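In: Here's my sequence, what's the structure:
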Amino acid sequence: MHPIRRESVADLVYEQIMEQILKGEWAPGSKIPSENELSRLLGVSRISIREAFQRLVSLGILETRQGDGTYVKEITPGVYMNSLIPLCVLDPADLMEVMEYRRIIEIETSSLAAERATEGDIDELREIYARMQENQHDTAAFAEEDLNFHLAMAKASKNSLIIKVNQVVKNILSKSMSDIVASLGTNMGLYYHKRLIDAVVRKDRELARRLMAEHIEGTIESLQGRFVS
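Out: As a prediction, this is how the structure comes out:
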């Protein structure tokens, strides 16, 4: 670490602390230097240090123990993703770009879900599918449950990074799902989601992967046909 000599420094203090954590210089569970110590080390005011601390605490990266000091928390990939949320204020995404994202992420996610899903995960998928059936003539409600199904598949993968990334882009996924259901209807979703549940129940990774690939590729082809026509 090195002294910071700019006037507006809270963000730079934050970056230097994050760098120390990411490099393993301050391991999870370790106590970091106090505000006074960092103020002297970096050549900045305690206010700037405090602002950086507050930001890191709010992201779940540091924790302050009353009367004891500030410690690095045990950090999962999901916690790291929290620090990216302010950077993910995106322009409205093109529908086909969203489908490309889903092609990359969801096919392998479904394979992990088939391997790792618990009985609770399977029950959740079945409950969502039942609500999809109930709402098949209400496109807005169906689209909401359709997205919930895909998020539940991600949850069943037990990969915290996949789960968190989906939460970060959830609004984009929600808008695209509404557009898809409004354009293509509900039949495709009902057909593939029922079979995906069966694949997860059977713990058949290859079948789950193939079904999700067919589902997404079929959606892309149908959307392209609509756009061309």
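
In: wait, doesn't residue 118 sit right on residue 152?
Out: No. Using C-beta atoms under 8 Å as the test, residue 118 is too far from residue 152 to be in contact (11.6 Å). Quick note: C-beta positions are derived from backbone N, CA and C, even for glycine.

In: do you know how far the residue of the chain positioned farthest from its centre is from residue 34?
Out: Note on the chain: the largest C-alpha distance from the chain mean falls to residue 40, namely 37.6 Å (C-alpha atoms, centre = their mean). Counting by C-beta to C-beta, to the nearest Å, the separation of residue 40 from residue 34 is 10 Å.

In: Repeat that for residue 196.
Out: On the measure of C-beta to C-beta, residue 196 and residue 34 end up 52 Å apart.

In: So for the two, which residue has more residues nearby?
Out: For residue 196 versus residue 34, neighbours defined as other C-beta atoms under 10 Å are more numerous around residue 196 (23 against 13).

In: helices or strands up against the strand or helix carrying that one?
Out: Applying DSSP states H and E as the criterion places residue 196 in helix 187-201. Counting contacts by 3 or more C-beta pairs under 8 Å, 6 or more residues apart in numbering; DSSP states H and E, helix 187-201 packs against helix 95-116, helix 119-134, helix 139-156, helix 205-228.

In: Can I get these in CSV including mean neighbour count, mean pLDDT and distance to residue 184?
Out: Converted to CSV, the helices and strands packed on helix 187-201 look like this (neighbours: other C-beta atoms under 10 Å; pLDDT from 0 to 100; distance: least, C-beta to C-beta, whole Å):
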stretch, mean neighbour count, mean pLDDT, distance to residue 184
helix 95-116, 19, 96, 11
helix 119-134, 16, 98, 14
helix 139-156, 21, 96, 10
helix 205-228, 16, 91, 5
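
In: Would you confirm that residue 209 contacts residue 107?
Out: Yes. Counting by C-beta under 8 Å, residue 209 touches residue 107, with 5.6 Å between them.

In: SS state for the residue nearest to residue 28 when sequence neighbours are not counted?
Out: Nearest residue to residue 28, sequence neighbours excluded (C-beta to C-beta, 6 or more residues apart in numbering): residue 74, at 4.4 Å. Following DSSP: H, G, I helix; E, B strand; the rest coil, the label given to residue 74 is coil.

In: returning to what we had before: and the helices and strands packed on helix 187-201 as TSV, adding distance to residue 56?
Out: TSV is the format used below for the helices and strands packed on helix 187-201 (distance: least, C-beta to C-beta, whole Å):
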stretch	distance to residue 56
helix 95-116	28
helix 119-134	32
helix 139-156	27
helix 205-228	37
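
In: Out of those helices, which gets nearest to residue 66?
Out: Proximity to residue 66 (C-beta to C-beta) singles out helix 139-156 among those, at 34.4 Å.
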